[in-house]
Every structure is written in C-alpha cells, then in structure tokens.
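Colleague: Got a sequence here, can you model it:
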Amino acid sequence: MTEYTLSSKDLVDAENFLVEFQSEMVPEANLERGGAVRDILIKGFACMYAYLRGEVNNVAARQSLLKIKESLTDEDDISDAVDEILSNWFIFRKSGTAATVIARLHFTEKRAQSIPVETVFWRTNTARFVIDTTNDTYIVTESQLFPIFDTSGTLLDYVVDIPLVSINAGTGYNLDPGTFVQVDAPGGLPYFSYAEHLETSSGGTDTESTDEMISRAETAISVRNLINNRSCDVTLQEQFPAITGTLTIGMGEPEQIRDRRVEVGRHLQLHTGGCYDTYVSLPTVTTEENLTVGGYFVRPDNLAVVFRDPELTYDQGRTFTSLGVQAGHILYLRAGLTGLPRSFQIVSVNDHELSVSDATPFPAASDESTPNAVRYSIGWLNPGYAEIELESGVYDRIALPSVAPATASVPYGTSRRLQSPGTVMLSGKPVQDIQWVELTDPPASLSSLVDPSTGTIIFYVRTNTAPVPTTSPQSLQYQVIVENPSQAQSMRAINKIYLGGITTPPSSDYDTYNLRVAYTTLQGFTAVDSYAVDRNNRIAAANHLVRARHPVLLTLNIPYRLKTTASGTVDHEAAAVLVANHINSFDPDDDLDVSDISSFVRQTYPDIGAVYPLTAYYVLNAPDGQQISFNTTDIVSIFKTNSNGVSIVDAATITPPQDLLNRGIGPSLASTINTLTGDIITEEGNVLDWLTYLGVSDRTVHYTTINTMITFELRS
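Modeller: Residues are numbered from 1 along each chain as shown. Down below sits the predicted model:
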C-alpha cells in the first residue's frame with residue numbers, strides 16, 4: 001500500500017470540512033471544540049478522510065500526463081503510471097540500447113582463428129563486451145590478418161578488426177578509445193597478444209526516462225504505418241529503439257528528386273510522384289570489404305540495365321561506338337525474355353556496353369539464366385528500330401559470348417552486373433565516410449608503391465576527379481563515384497571506388513588484386529530498410545526508400561586561455577571527445593554555430609577564461625561522391641549567404657552533372673559566366689543549384705566529427 005505523510009494542514013482541512021458537512025446535515029448537533037463528537041468522532045474520521053482524499057488525488061494525478069509532468073520524478077509509482085497510461089496508445093518505454101565498437105585484435109602469428117562467441121572483452125572492471133555475431137564461432141581467416149610494421153619495416157604483429165557489442169545497455173558503455181584490460185576466451189586464443197579499440201564505442205543509451213517518454217508521446221499518437229512523416233517516425237522508432245530521429249521527404253518537397261523523370265526531355269523537370277524517402281539517425285559503425293579490382297559486381301538495386309554482345313564487340317571488333325550507336329537510340333529486344341518485343345531508350349554508350357534508363361530496366365538479367373539468347377536490333381524509327389547495321393547486311397542478331405580466352409568470361413545479353421577497369425563497387429549500404437583504401441596483395445611490378453610499414457599499397461588521397469598517375473606512395477589517389485545520386489546513402493546506392501593506374505592514361509594496373517576498403521555506415525540499417533520495403537509494411541502504391549543523412553565532417557582547432565584563478569589544466573584529449581560527442585548529438589533540425597561550441601567548452605571547463613574566435617572547417621560528402629569544403633566563423637551551413645559567415649573553399653574542383661552543364665553552369669561550380677547566356681553567375685549560386693539538383697538541404701545533412709579532428713590550443 002502506498003504510504004502518505006499527513007501534515008497538520010491536511011488534518012485541519014479535513015476536520016473543517018467534516019464539521020461544515022455535519023453542521024449542514026445535523027444542525028442541532030454540538031460540534032464545539034472540547035465536545036465528545038468533535039474530539040472523538042470528527043477528529044478520528046478526519047485522519048481517515050485526509051488519507052482517502054490523498055489517495056483519490058494521487059490516483060487522479062496519475063491519470064493525467066499533464067499533472068504528472070507538472071511534478072515529474074522517476075519514482076517507480078509515477079513511472080508505472082505513465083507506462084500504464086501510454087500503453088493504452090500502444091506506446092512503450094524504450095529499454096535502452098547496447099554500445100558497439102570495432103575492436104582490433106593483435107596476434108604474434110598469422111594463423112586462422114576460431115573465436116568462441118562466449119569470449120568476453122573487459123574494457124574496464126565492469127564494462128564487458130562480446131562479439132557481435134549470430135554464429136556460434138567467429139572465424140578469422142589468415143587472409144583477414146594484416147601485418148603491422150614499424151617505420152623501419154620490421155614486422156610487429158598481425159591484426160584483425162572484429163565487431164563487439166556491450167553485454168548490457170546504457171551510456172556507461174560509450175567509452176573512449178583504449179586497450180581492453182582483459183580478454184576471457186574459453187580455451188584461450190593461440191598467439192593472441194592484446195585487444196584495443198581506436199574509436200569511441202557508441203550507440204549505448206539508457207532506459208527512456210519518464211520525461212522523455214511523455215515528450216515522445218506528444219507526436220506518437222498517430223496512425224501506426226509508414227504513411228506520413230509523423231507515423232513513419234513513430235512506427236520506425238517503436239520497431240527499432242536505436243533510431244533517435246527520422247525525417248520523411250515526400251512529393252512536392254524540394255529534396256525529393258527520385259520521382260524526377262528526364263526520359264521525355266532532358267530540359268524538362270517532370271516530377272511524377274509516388275516516391276518518399278525517410279532519413280533515419282542511427283549509431284555509426286565501421287565495416288570493411290575486400291573486393292577484386294576490375295571485377296564484375298551486381299548492382300545493389302538489382303536493376304538489369306546493361307547490354308553486352310562480346311562476340312560482336314570483342315571478337316569481330318565491331319564496337320558499339322564504331323557502329324555509330326548514340327545515346328537516344330532505341331535498343332529493341334525482339335526475343336529471348338518474357339514480355340518481348342519491347343523497346344528501350346539507350347542513355348549511354350561505350351565500346352562494349354549499352355546502358356538503358358534505370359526507370360525502364362530490362363525485364364530480367366539474361367546472363368544469369370539458361371538459355372541466354374536475346375535477339376536485338378538498334379535504331380531510331382518505329383516500329384522496327386533496325387537502322388544500325390550490326391554486321392555486313394545484318395540488322396538484328398542474338399547477343400553471343402566471346403570465344404577469345406581473354407574475354408570469354410564477359411557476360412552477354414542483359415545484365416545487372418557492372419565492371420570498370422581499376423574500379424570496385426561496395427555492397428549496398430550507406431557510406432558515411434571512407435576511412436581506409438588499401439591494396440593488400442600487390443604484385444612485384446608495383447613494389448615501388450608499397451608502404452614498408454604495412455607491406456601494402458595505401459591510397460591516402462581522395463579526389464573529385466580521376467586519380468592522377470604517380471610513383472609516390474604517399475600521393476596515391478582514389479575517387480568515389482555514386483552512379484545513382486538520387487539513391488545515395490541507401491541500400492540501393494551504387495558506390496564505386498576508382499583507383500586509376502600508374503601510367504598515362506591510367507590502365508588497369510590494379511585489376512585482379514584485392515582492395516580492402518574500411519568505411520563507416522549506420523548500425524542496424526539493413527533491418528530498418530528490410531522492414532520499410534516489406535510488402536506488408538510499405539504503402540502499396542508508393543516507392544519508399546530509407547536513407548542516412550548526408551554527412552558533413554567537421555574539423556576544429558579551439559584556441560583558449562585559462563583564468564588567472566584556474567586550479568588546473570584542460571585535458572585536450574578528453575575535451576576533444578566531449579566536443580565531438582556534443583557535435584554528433586546536436587539536433588539536426590537546429591542550426592549549429594561556432595558560438596554553440598564555444599559556449600559548450602566554457603560551460604564544461606570553468607577554468608577556461610575565454611575561447612578565442614574560431615573557424616570551423618567542414619566537408620560535405622555529396623550524393624554524387626564528390627566532396628566540397630567550407631569554413632565558417634558563424635553558422636555551420638552548406639549554403640553561403642551574405643550574413644552567415646560561410647565561405648566555399650574548393651568549388652573549382654566540383655564538376656556539375658550533365659543537366660547543369662546543359663544549363664550553362666560549368667565547367668566547374670567556380671564558373672562566373674553562364675556558357676549559354678553569357679550572364680554573370682556566382683559561385684554560391686552554382687553551389688545552391690548543384691545541391692538543390694542533388695536533393696540536398698540543411699534538413700537532409702548531419703554534422704559529425706571524431707575526436708581526432710578536434711584540437712585545442714592553449715594561449716597565454
């Protein structure tokens with residue numbers, strides 16, 4: 001039974017009420033003080049009445065979220081009352097989430113390892129992590145163990161990165177980089193040396209407080225399906241507690257570009273509707289892929305839009321370009337697939353491939369079926385579309401494989417597989433930031449490019465243009481290309497990494513070798529995407545795409561001075577972690593500015609007397625794979641105005657898409673004269689047009705950083 005403390009005022013109020021009530025009901029009764037009725041009956045019942053009135057008030061208060069919020073605490077009875085009230089609306093308290101981290105394990109020998117899932121990694125005496133896997137054993141092959149050398153080229157040990165998750169939920173598991181104090185593996189780990197993590201563990205959240213739960217309830221009372229911004233937010237956060245926020249972009253909003261159709265005419269910006277994108281906020285995690293350079297990769301969206309005829313273009317030497325095939329011509333598939341004959345507009349041509357629009361893909365990939373016998377012709381006049389002479393006197397033919405050994409493996413017919421020399425394609429998922437690009441098995445012919453500390457070829461420099469051939473290991477470049485920018489930061493994104501080569505023009509010097517790519521993505525994103533596109537959850541008449549916000553990576557140097565009365569100093573490494581966490585947790589719907597950061601530093605460290613004026617430097621990873629740099633002394637934004645303190649650093653390195661070039665914007669975003677009209681244009685206007693064309697706004701980006709990108713400078 002709930003206990004109540006009855007004050008003297010409660011008893012006096014109760015006694016006065018009972019006296020007044022009894023006086024009205026029995027006017028002749030003697031209720032004077034000192035009488036038996038007043039002193040024994042009235043005062044006795046006053047205690048009971050005061051208790052019952054308190055009980056009634058308590059029950060009434062716990063039936064109203066408004067009254068609960070007026071005097072909010074997290075005492076069990078109030079928490080239980082809130083849970084009970086909101087459960088009527090199918091709103092339940094979030095239980096908190098576990099933290100994740102990538103651990104680096106060091107071994108003295110390069111041997112395959114079978115790590116039991118029962119292995120416990122102790123980061124501190126109380127913080128325990130286990131391997132984040134559903135398998136009974138985590139297998140590490142020899143090829144996954146990479147050698148580590150010192151600056152003189154002496155082998156130190158072998159390392160492998162594995163995913164860990166905390167045993168319990170809570171923010172207490174979000175720990176700074178460091179070494180695990182102990183690793184308990186049943187049976188031991190042969191040749192194991194130690195384990196560490198180089199980045200802060202993240203994603204750990206506490207059980208939702210009553211205050212947070214009530215605040216969430218204000219927007220959670222809605223239809224529980226993926227139909228609009230509010231219902232998408234509620235439904236996805238209920239299904240996936242790790243999601244901390246969402247933004248849904250629908251038809252008619254400027255960021256919605258997936259429904260834009262240019263097949264009718266490149267000059268038309270026709271929006272057909274039927275698409276909506278939900279941007280989700282989730283903890284990030286580092287992952288890596290090992291890929292064969294120059295190999296064939298299946299498009300993540302599984303669209304078959306490529307056509308090849310190797311026997312014609314390789315064996316006979318009659319390439320599509322030499323035959324005069326052009327974008328805009330019609331590829332007419334006559335037979336060999338279900339639903340034929342049917343015409344497809346060609347959107348791009350090279351010597352050995354034709355590509356059609358993503359909006360009208362082929363019915364299937366014939367190169368994955370048997371028999372594979374697609375008959376086709378190419379032309380521009382309806383109904384036959386057979387104006388291109390494919391062979392002497394032949395205007396239609398069946399696509400055939402090459403019989404030459406060097407090209408016999410080239411797919412033929414319709415295909416969803418893509419291939420380019422010197423290129424790899426990542427599996428479909430958001431790519432927030434590329435952290436490492438490394439050729440792990442370089443041949444002797446490329447020994448001059450090998451880094452002696454790793455025994456591998458490391459590509460350090462990300463560029464917006466094709467990599468420049470170089471013989472300097474420290475200057476090796478790579479380019480990120482997103483072939484479908486309208487679907488960037490999603491499971492359907494086609495993220496390519498192009499290495500170029502060491503000759504001019506670049507040849508496929510790196511083809512057939514293994515490229516290791518490490519990058520950050522969103523943890524648990526695949527499950528969210530699968531839920532949203534499931535036919536039982538999605539809107540039947542709409543195309544729903546789950547995406548991550550486009551990352552803007554901040555770098556800061558914070559100059560400061562201490563108070564003359566300061567009792568200590570500032571730990572710069574610890575301060576960098578706190579500032580990074582502050583930026584990463586900043587509300588994406590609010591404006592981040594440098595004064596926010598300065599105020600946070602001063603409030604966190606009372607010994608700091610002043611934070612000097614600072615400049616924030618930041619880079620947007622744009623949907624097309626290009627990077628554009630900014631700096632600001634005021635508001636952190638990707639749009640420059642006359643008053644927000646933003647400067648655009650390298651617009652000259654950005655190549656606009658073809659549609660903007662057709663409008664006279666180019667050859668770079670730094671151009672000041674429209675090439676069509678001769679009118680004066682501005683750099684900031686070009687950047688605005690480019691970002692708008694890509695569907696990027698301040699709503700669809702998030703500002704992020706890591707502690708190593710934050711530095712402090714103590715001034716006297």
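Colleague: Quick one: the strands in the stretch 1-150 of the chain, in order.
Modeller: 98-107, 113-116, 120-122, 128-131, 137-140, 146-149 (DSSP state E, counting those that start in this stretch).
Colleague: Just send those strands back as JSON lines, with mean pLDDT too.
Modeller: As requested, these are exported to JSON lines (pLDDT from 0 to 100):
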{"stretch": "strand 98-107", "mean pLDDT": "92"}
{"stretch": "strand 113-116", "mean pLDDT": "92"}
{"stretch": "strand 120-122", "mean pLDDT": "96"}
{"stretch": "strand 128-131", "mean pLDDT": "96"}
{"stretch": "strand 137-140", "mean pLDDT": "90"}
{"stretch": "strand 146-149", "mean pLDDT": "82"}
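Colleague: nearest to residue 643, of those?
Modeller: Among the strands of the stretch 1-150 of the chain, strand 98-107 comes nearest to residue 643, with 40.6 Å by Cβ to Cβ. Yep, even glycine has a C-beta here, placed from its N, CA and C like the rest.
Colleague: Kindly present the strands of the stretch 1-150 of the chain as CSV, with separate columns for distance to residue 49 and mean neighbour count.
Modeller: Shown next, in CSV, are the strands of the stretch 1-150 of the chain (distance: least, Cβ to Cβ, whole Å; neighbours: other Cβ atoms under 10 Å):
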stretch, distance to residue 49, mean neighbour count
strand 98-107, 51, 22
strand 113-116, 65, 17
strand 120-122, 58, 18
strand 128-131, 54, 20
strand 137-140, 66, 15
strand 146-149, 78, 16
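Colleague: Just want the most central residue of the chain.
Modeller: What sits nearest the mean C-alpha location of the chain, by Cα atoms, centre = their mean, is residue 548, with 3.8 Å.
Colleague: show me what contacts the nearest residue to that residue once chain neighbours are set aside?
Modeller: The shortest distance from residue 548 to any non-neighbouring residue, by Cβ to Cβ, 6 or more residues apart in numbering, is to residue 430 (3.8 Å). By Cβ atoms under 8 Å, 6 or more residues apart in numbering, the contact list for residue 430 reads 489-490, 493, 521-522, 525, 547-548.
Colleague: can you pick the most crowded of the residues you listed?
Modeller: Highest neighbour count within the contacts of residue 430: residue 489, with 28 neighbours (other Cβ atoms under 10 Å).
Colleague: just checking, that one touches residue 545?
Modeller: No: Residue 489 is not in contact with residue 545 according to Cβ atoms under 8 Å; the separation is 9.7 Å.
Colleague: so where's the stretch 201-350 of the chain uncertain?
Modeller: The stretch 201-350 of the chain contains residues with pLDDT under 70 at 218-224, 263-268.
Colleague: which residues in the stretch 401-550 of the chain form strands?
Modeller: For the stretch 401-550 of the chain, the strands defined by DSSP E, counting those that start in this stretch cover 413-415, 417-418, 423-425, 433-439, 457-458, 461-463, 477-482, 495-498, 514-522, 543-548, 550-562.
Colleague: all helices for the stretch 351-500 of the chain, in order.
Modeller: Remark: no helices are assigned in the stretch 351-500 of the chain by DSSP state H, counting those that start in this stretch.
Colleague: Hmm, I typed the wrong one, I wanted the chain.
Modeller: Applying DSSP state H to the chain gives helices spanning 8-25, 36, 43-61, 65-70, 76-87, 210-220, 229-239, 310, 525-533, 572-584, 594-604, 658-662, 683-693.
Colleague: highest average neighbour count across those helices?
Modeller: Highest mean neighbour count among the helices of the chain (mean count of other Cβ atoms under 10 Å): helix 310, with a mean of 23.
Colleague: For stretch 443-460, report the contacting residues that lie outside it.
Modeller: For stretch 443-460, contacts defined as Cβ under 8 Å, 6+ apart pick out 146-153, 436-442, 471, 473-478, 499, 502, 509-510, 513, 516.
Colleague: rewinding a little: so the residue nearest to the centre of the chain sits against residue 525, correct?
Modeller: Yes: the pair residue 548 and residue 525 passes the contact test of Cβ under 8 Å, sitting 6.9 Å apart.
Colleague: Verify the stated contact: residue 181 with residue 126.
Modeller: No: Residue 181 lies out of contact with residue 126 (Cβ under 8 Å); the separation is 10.5 Å.
Colleague: who has more neighbours, those two?
Modeller: residue 181 (13 against 9).
Colleague: so what's the more buried one closest to, chain neighbours aside?
Modeller: Nearest non-adjacent residue to residue 181, counting by Cβ to Cβ, 6+ apart: residue 122, 5.2 Å away.
Colleague: residues contacting that neighbour?
Modeller: 128-129, 180-184.
Colleague: And residue 343, how far from residue 355?
Modeller: Counting by Cβ to Cβ, to the nearest Å, the gap between residue 343 and residue 355 amounts to 15 Å.
Colleague: Please disregard the earlier target; I meant residue 551.
Modeller: From residue 551 across to residue 355, the span is 29 Å (Cβ to Cβ).
Colleague: Which one of the two is surrounded by more residues?
Modeller: residue 551 (22 against 18).
Colleague: Give me the domain ranges for this protein.
Modeller: The chain breaks down into these domains under automatic domain parsing: 8-61, 72-221, 223-283+527-548, 285-294+421-522, 303-415, 550-714.
Colleague: What residues are recorded as beta-bridge partners of the residue nearest to residue 181?
Modeller: Counting by DSSP bridges, residue 122 forms beta bridges with residue 128, residue 182.
Colleague: Scan the helices and strands of the chain for the one with the lowest mean pLDDT.
Modeller: Here the helix or strand of the chain ranked lowest by mean pLDDT, DSSP states H and E is helix 65-70, holding a mean of 66.
Colleague: my read: residue 480 touches residue 493, true?
Modeller: No: Residue 480 is beyond contact range of residue 493, at 11.0 Å (criterion: Cβ under 8 Å).
Colleague: Next, show the common contact partners of the two.
Modeller: Both residue 480 and residue 493 are in contact with residue 431, where contact means Cβ under 8 Å, 6+ apart.
Colleague: Thought residue 44 was touching residue 11, still the case?
Modeller: No: between residue 11 and residue 44 there is no contact under Cβ under 8 Å: 10.9 Å.
Colleague: Quick check: pLDDT value at the residue nearest to residue 710 when sequence neighbours are not counted.
Modeller: Leaving aside its sequence neighbours, residue 710 sits nearest to residue 576 (Cβ to Cβ, 6+ apart; 3.9 Å). Confidence at residue 576, expressed as pLDDT, is 93.
Colleague: what's stretch 270-279 in contact with?
Modeller: So stretch 270-279 is contacted by 226, 232, 236, 246-252, 255-256, 258-262, 264, 532, 541-549, 700 (Cβ under 8 Å, 6+ apart).
Colleague: chain center to it: distance?
Modeller: Here stretch 270-279 is found 19 Å from its chain centre; the criterion is Cα atoms, centre = their mean, to the nearest Å.
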